[in-house]
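Participant: Mind looking at a prediction? Sequence and model below.
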Amino acid sequence: MSIIYILIPIAILLTSLGIYLFFWAVKTEQFEDLEKQGMSILFDDEPQVKTIETELELKKEEEIQSDKNSTDNK
């Protein structure tokens with residue numbers, strides 16, 4: 001019976017925390033656009049434009065990989 005003196009305050013704290021978090025989510029507009037994430041999978045991503053910088057980075061990465069592979073084979 002003495003456990004109820006512990007469980008009731010814990011239940012009140014958890015309930016008040018849940019209510020606070022709900023009102024915080026509503027205030028910060030977390031529930032405004034619930035369908036956006038579900039619909040975003042249906043649309044194609046916009047094509048990415050390759051820039052010279054990204055091409056240079058890719059070439060450097062390929063060179064590093066080929067250097068690693070050549071040293072591993074020796």
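Facilitator: Looks like it came in fine.
Participant: can you tell me which helix in this structure is longest?
Facilitator: Secondary structure of the chain read by DSSP state H shows that its longest helix is helix 4-27.
Participant: Work out the gap between the helix or strand just after that helix and the centre of the chain.
Facilitator: Note on helix 4-27: by DSSP states H and E, the next helix or strand toward the C-terminus is helix 36-40. In terms of CA atoms, centre = their mean, to the nearest Å, the centre of helix 36-40 is found 15 Å from the chain centre.
Participant: Over to stretch 44-64?
Facilitator: 24 Å.
Participant: again, but for stretch 21-34
Facilitator: Distance, centroid of stretch 21-34 to centroid of chain: 18 Å (CA atoms, centre = their mean).
Participant: Quick check: Glu29 vs Glu35, distance?
Facilitator: Counting by CB to CB, to the nearest Å, the gap from Glu29 to Glu35 is 14 Å. Quick note: C-beta positions are derived from backbone N, CA and C, even for glycine.
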